[in-house]
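Novice: Show me the folded form of this:
(chains A, B, C and D)
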There are 2 protein chains.
Amino acid sequence: MANALPTPKILLVDDDPDIIELLEYNLNKEGFETASANDGIQALEVAKDFKPDLILLDVMMPRQDGIETARQIRQNSDFKDTYILFLTARAEEYTEVAAFDVGADDYIVKPIKPRALVSRIKAILRRDTQQIESDSLIEIGILTINRTNYSVINNGNPLVMPKKEFELLYFLAKHPNKVFNRDELLEKVWGVDVYVVERTVDVHIRKLREKIPEHYIKTLKGVGYMFSIEE
Amino acid sequence: MANALPTPKILLVDDDPDIIELLEYNLNKEGFETASANDGIQALEVAKDFKPDLILLDVMMPRQDGIETARQIRQNSDFKDTYILFLTARAEEYTEVAAFDVGADDYIVKPIKPRALVSRIKAILRRDTQQIESDSLIEIGILTINRTNYSVINNGNPLVMPKKEFELLYFLAKHPNKVFNRDELLEKVWGVDVYVVERTVDVHIRKLREKIPEHYIKTLKGVGYMFSIEE
DNA sequence: CCTCAATGTTACGGAATTGTTAAATATAAA
DNA sequence: TTTATATTTAACAATTCCGTAACATTGAGG
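Specialist: Numbering: from 1, shown residues only, chains lettered A, B, ... in the order given. As a prediction, this is how the structure comes out:
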């Protein structure tokens, strides 16, 4: 994935292991985390642990069909923000009304074209990240930090900076006067599943200080780094 | 035509019978009714009977040029609602002021690309029912991007570009200073149900940068592409 | 004023991303 | 049909970025 947001988690529910494998391969390749279940009953169990952001649900399954499974998932408020997509063999087979009644967000017709699937999943997941990021302008001191165009304007003149530097600055400036140690910064900016040595942070701090007024980023020895416009 | 409106009638005026044939073929295929004339004098006579909705008028013709013909057409109040489009061999040959003075609605540069022509004619005739989109014209930096006729003018000289390139440029220029990653561009420009590999975008970006000032389209590595007139 | 652990700074190599070209495919025109 | 053009894909080149390590400097506690 291109940003430091947590990796989206997708639960795949289908009784055909070949389909599961195909989907997992393609989704993992695109940076999604996946789990799977073979039927609706199992899907509910796995979902409780896995807490997926999106569930791909085959309509036709043994034991319990997708529609009923979706209904039960929707009853659990833990999954109120979870997207549900149905997989269906043919368009006619899909009873649209019933599916949307139980809160389906979309449906996908087999045979599955992996690229199309990935594209649609990305589009769906993008809808909520866009809203989160919509309020993304920070004005602090002489800096204007704008996440929509990754620009930093320093006293009128625009700065370009690489992505990691920008993300680090953005995070620090978003929480002014708060100290973060290296571990916290790595987790928040790099992400929980990125493993780099702590002192990588130092190097990025150094580069930031070359570009913005140096005193904006303070070092608290033994504690961490802090953004503050105080001298 | 897909609606119940009467078939739009188009009068073609050109001294070259090959051009007439080309135009008639393509316009008839799209459901337009056509008539033709070989010069300006004849055009006036035919127009009185045919009562076209739109006249395509070659600028350079024997006996009477297009500009003069247009003036005479405009003098007849029967044709006050008739659209007039000029055909001109090269952009420089076209004296814009004179043409618009006599009431031209648009002009088309030869060699004619039938698809583009049909598209523009449809766009013009649509103005009857639909308001012209106010934002269909973008002027940004030295570029003028006009969606009603798919034209891009770069510092005075018109550019032709294929549809996808145009749409990509149009979209980027419509949202200046905002970064879009490849997925977003594919969704917004190619459409939600078109599934091509992400890097197709790169190739189109490359082609755009050959035609417009290169620095207008910025790459933000790991983030996406952005239109910006800043250096 | 020392000590030395913490932080600052620099430079290099590998990894990831993008640029570029060309060939393959699709679409439209003659 | 044939030709031309547009679009997509794939391969390879170029570039940028990031992470690491090595060395330098700082400053708080003694």
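Novice: can you tell me the helix or strand for A:D193?
Specialist: A:D193 belongs to no helix or strand when assigned by DSSP states H and E.
Novice: Tell me how far the closest residue in space to it that isn't next to it in sequence lies from DNA strand C.
Specialist: Using C-beta to C-beta, 6 or more residues apart in numbering or on different chains and skipping the chain neighbours, the partner closest in space to A:D193 is A:T7 (6.8 Å). Where C-beta positions appear, they are placed from N, C-alpha and C, glycine not excepted. A:T7 is 13 Å from DNA strand C, where distance means C-beta to the nearest atom of the strand, to the nearest Å.
Novice: Are we agreed that A:T7 is in a helix?
Specialist: No: counting by DSSP: H, G, I helix; E, B strand; the rest coil, A:T7 is located in no helix; its state is coil.
Novice: A:V189 against A:L168, yeah?
Specialist: Yes: between A:V189 and A:L168 there is a contact at 5.1 Å, judged by C-beta atoms under 8 Å.
Novice: Compare the two (neighbour count), which wins?
Specialist: A:L168 (25 against 21; other C-beta atoms under 10 Å in any protein chain shown).
Novice: Tell me who's in contact with that one.
Specialist: A:L185, A:V189, A:V201, A:H204, A:I205, A:L208 (C-beta atoms under 8 Å, 6 or more residues apart in numbering or on different chains).
Novice: need those in CSV with secondary structure and distance to DNA strand C, can you?
Specialist: Putting the contacts of A:L168 into CSV (DSSP: H, G, I helix; E, B strand; the rest coil; distance: C-beta to the nearest atom of the strand, whole Å) gives the following:
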residue, secondary structure, distance to DNA strand C
A:L185, helix, 12
A:V189, helix, 15
A:V201, helix, 8
A:H204, helix, 9
A:I205, helix, 5
A:L208, helix, 10
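Novice: What is the burial count for A:E230?
Specialist: Counted with other C-beta under 10 Å, residues neighbouring A:E230 total 10.
Novice: who touches it in this structure?
Specialist: By C-beta under 8 Å, 6+ apart, the neighbours of A:E230 are A:H215.
Novice: And A:K80, how close does it get to A:L54?
Specialist: According to C-beta to C-beta, to the nearest Å, A:K80 stands 13 Å off from A:L54.
Novice: Of these two, which one has the most company?
Specialist: Under the criterion of other C-beta under 10 Å, the comparison of A:K80 against A:L54 puts A:L54 first, with 21 against 10.
Novice: how about the nearest residue to the more buried one, chain neighbours excluded?
Specialist: Closest to A:L54 by C-beta to C-beta, 6+ apart is A:Y83, at 4.2 Å.
Novice: Tell me the pLDDT of that neighbour.
Specialist: We have a pLDDT of 86 for A:Y83.
Novice: ok, it touching A:I124?
Specialist: Yes: contact criterion C-beta under 8 Å: A:Y83 and A:I124 qualify, at 5.6 Å.
Novice: neighbour-wise, which of these two wins?
Specialist: A:Y83 (21 against 16).
Novice: And that one, how far from B:P213?
Specialist: 41 Å.
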